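Colleague: This is a predicted model, with the sequence first.
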Amino acid sequence: MTRLTICVLTLLATSTTSAWAQGYTIDPTGSAALNAALNDARREQNQNQQMRKAQQEFAARERQIVGAAAGEVASAKMAHRMAIKDLKEAREKAEQSVEQTLGLKAAVDEVLKAQTAYRELSEPVLRELKASAEFKEAEKKATAAKEKMKRVQADTSLDEQARKTQVAELVGDTLAASNLERFALRKDQKVNAARERLEAAQQKVSELRKQASEKAESDPGVAAAQSAVKTAYESIKAAETKLASARSGGATQQILFGDGEKAGAAKGKGDQKK
């Protein structure tokens, strides 16, 4: 029972009416007890107010710590994206420099020339073929096969294995016209020679680009950019770990006990005093 409760009960037990209302002088002892009880009540009220204020400040501090950690994650991801962009630009710059020394531009020009020559030789052959009855019949066959393939794929009465089997049987017919084109071009010696020159030119460009890419990776600028990407990625992971810790109670620990560096500094000072 609190002091305030005791005082109130004492007053009720010793007087049926208010001492103030009757004009009697209040007993000094009773007045002191009442004042003490009121002081206790005020003190408790102040403590409750301070507790609520502390709780609000604590919650606000927790939100601040979590928000700061989330901001670090966002900043780390942005830095990682920028590092990847810088790496791409560094590679392109290095590859362009290497390509010039390897003569890639001249090789690409050879491909363009070979494509033009192949097209000029193949077009007359294809025009003659497409005018033939054989080719027109092959086109009809291919069209019919494609339509039948659509019906087979839409047929719900067929099980999966039967559908696959019938579709596989129709694939050859769908290529009837394109196969005639390929065979006609292969039989023409001039076209065939032009195709081989084109394929050789394309192969050379592919090899030069591979060499350029490999040499670009050893470029100092590319190596530095790769290191920056790795560091940025590690920063993301560290920031995400920090955020997860803050959300799972790490913020509370930081508020109560301070961060690790402060704690370590305090411990070091304590050890020195010992």
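Modeller: The structure has been received and is ready for your questions.
Colleague: List the contacts of A200.
Modeller: Neighbouring residues of A200 by C-beta atoms under 8 Å, 6 or more residues apart in numbering: A114. Quick note: C-beta positions are derived from backbone N, CA and C, even for glycine.
Colleague: Secondary structure element holding A223?
Modeller: Secondary structure from DSSP states H and E places A223 in helix 220-245.
Colleague: and that helix, which residues are buried?
Modeller: Neighbour-count burial for helix 220-245, counted by 16 or more other C-beta atoms under 10 Å, picks out 221-222, 225-226, 228-229, 232-233, 235-236, 239-240, 242-243, 245.
Colleague: quick one: average confidence on that helix?
Modeller: For helix 220-245, the mean per-residue pLDDT is 92.
Colleague: for that helix, packing partners?
Modeller: Applying 3 or more C-beta pairs under 8 Å, 6 or more residues apart in numbering; DSSP states H and E, we find helix 220-245 packed against helix 28-102.
Colleague: Counting by contacts, list what the helix it packs on packs against.
Modeller: helix 3-14, helix 189-217, helix 220-245, helix 251-257.
Colleague: Output these in JSON lines; the columns should cover distance to L129.
Modeller: Shown next, in JSON lines, are those (distance: least, C-beta to C-beta, whole Å):
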{"stretch": "helix 3-14", "distance to L129": "111"}
{"stretch": "helix 189-217", "distance to L129": "11"}
{"stretch": "helix 220-245", "distance to L129": "50"}
{"stretch": "helix 251-257", "distance to L129": "76"}
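Colleague: Looking at the ones you listed, which is nearest to Q115?
Modeller: Relative to Q115, the nearest member of the helices and strands packed on helix 28-102 by C-beta to C-beta is helix 189-217, separated by 6.0 Å.
Colleague: angle of that closest one against helix 220-245?
Modeller: Interaxial angle, helix 189-217 versus helix 220-245 (axes from the mean of the first three to the mean of the last three C-alpha atoms, to 10 degrees): 60 degrees.
Colleague: buried set for helix 189-217?
Modeller: Under the neighbour-count criterion of 16+ other C-beta under 10 Å, helix 189-217 has 191, 194-195, 197-198, 201-202, 204-205, 208-209, 212, 215-216 buried.
Colleague: got a list of contacts for the helix or strand hosting G172?
Modeller: Applying DSSP H and E as the criterion places G172 in helix 160-174. Here helix 160-174 makes contact (C-beta under 8 Å, 6+ apart) with K141, A142, A144, A145, K146, K148, M149, V152, Q153, D155, L158.
Colleague: Closest to E72 out of the residues you listed?
Modeller: Among the contacts of helix 160-174, and counting by C-beta to C-beta, the member closest to E72 is Q153, at 52.7 Å.
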